[in-house]
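*Asks:* would you be able to build a 3D model of this:
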Amino acid sequence: MTPETALGGTPHPPRVVAFDLGGVLVDVDKTHLMALGPTDAVDAAFFGPAHDAATVGALDARGFAAAMGRALRNRGVDVDDAVVRDEWARVVAWRSGGAALLSACAGVVTTHVWSNTDPIHWSVLGPAIDGVVHHAASSFRLRAAKPDPRFYAAALAGHAPGDVLFVDDRANNVAAARALGIDAVVVTSVQGARELLSARGIAVADR
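*Replies:* Purely as a prediction, here's the structure:
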C-alpha cells in the first residue's frame, strides 16, 4: 500500500487544504543545468549555500542570480547572471492539471500553498497562485523552510492544525507536520492529490 492509497479517514472534511508544489503539482527538472559546466561547478552554484540562503529569504532574486553566477565563474564557467537566472527559472514548471487543481480546490474550500522555494522560482509559479489561493506560504517570505516547525506555525495563518489537510512529496515534511497535529499525507502526483481530496470528502471538478 502506498502513502497515497493509505488515506485513512477523518470525521469531517478538512476546513483547509494546503499543497506543497514541487513533486506534487509542479515538476522539478534540474538536468538541463548540467549543460552549463562541470558537475562540481553546477552543484556549487545552484545547490550550495546561495540556494539555502535564497530559500529562507536571505538573498533576493538578483542576489541569488549573482551568487550563482559568481560561483560558476569562480570555477571557470563564463556565464552571465541573466543566463543563470533564466536557467534556474526553467527548473520548475506546472504539471498537467496542477494549476487547474489548485484553482478548482480554492473554489470549494480554503486553500493554501506551503512551499520551500526561492524568489526566482516564485516568479515562475506565483502568477497561478497569488490571488487564486487563500494563503500562500513560501519559505523565502517566511524566512523558514519545511520541516522547521517555525514554517508550519507561520503557514497555518491562524488555523488550528487539526483543521488542515497538507500534502507534500517528502516524508520528512509530512512527519514534521503530523507532529504538530496536522493531517498530512505523502502525495507525489496531481492525480494522487485529487484522489486524496475525494477521499477526504472534497469534490473538485475536473478542468
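
*Asks:* CA atoms for contacts and neighbours, from now on please.
*Replies:* Will do.

*Asks:* quick one: average pLDDT of stretch 42-55?
*Replies:* Mean per-residue pLDDT for stretch 42-55: 96.

*Asks:* between the two ends of it, what distance do you get?
*Replies:* Stretch 42-55 stretches 17 Å from its first residue to its last (C-alpha to C-alpha, to the nearest Å).

*Asks:* so how far is that stretch off the chain centroid?
*Replies:* Taking C-alpha atoms, centre = their mean, to the nearest Å, one finds the center of stretch 42-55 at 17 Å from the center of the full chain.

*Asks:* got the contact list for residue 102?
*Replies:* Contacts for residue 102 were tallied using C-alpha atoms under 8 Å, 6 or more residues apart in numbering; they are 111, 129, 133.

*Asks:* how does this protein divide up, domain by domain?
*Replies:* Taking automatic domain parsing as the domain assignment, the ranges for the chain are 16-27+93-199, 30-90.

*Asks:* most neighbours among the contacts of residue 102, please name it.
*Replies:* When neighbours are taken as other C-alpha atoms under 10 Å, the top entry among those is residue 111 (24 neighbours).

*Asks:* where does the prediction get shaky in the protein?
*Replies:* For the chain, the stretches flagged by pLDDT under 70 are 1-11, 207.

*Asks:* just the strands in it please.
*Replies:* Along the chain, the segments classed as strands by DSSP state E run 16-19, 26-28, 92-94, 110-115, 135-138, 164-168, 183-186.

*Asks:* include distance to residue 148 when you put the ones you listed into TSV, please.
*Replies:* Putting those into TSV (distance: least, C-alpha to C-alpha, whole Å) gives the following:
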stretch	distance to residue 148
strand 16-19	16
strand 26-28	22
strand 92-94	23
strand 110-115	12
strand 135-138	13
strand 164-168	14
strand 183-186	15
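
*Asks:* highest mean neighbour count out of the ones you listed?
*Replies:* Stretch with highest mean neighbour count among those: strand 164-168 (a mean of 25; mean count of other C-alpha atoms under 10 Å).

*Asks:* parallel or antiparallel, list what pairs with it.
*Replies:* The pairing partners recorded for strand 164-168 under DSSP bridges are strand 16-19 (parallel), strand 183-186 (parallel).

*Asks:* among the ones you listed, which is nearest residue 172?
*Replies:* strand 183-186 (9.4 Å; C-alpha to C-alpha).

*Asks:* setting aside sequence neighbours, what's the nearest residue to residue 98?
*Replies:* The shortest distance from residue 98 to any residue other than its chain neighbours is 4.5 Å, reached at residue 25 (C-alpha to C-alpha, 6 or more residues apart in numbering).

*Asks:* what's the neighbour count on the one you found?
*Replies:* Applying other C-alpha under 10 Å, I find that residue 25 has 28 neighbouring residues.
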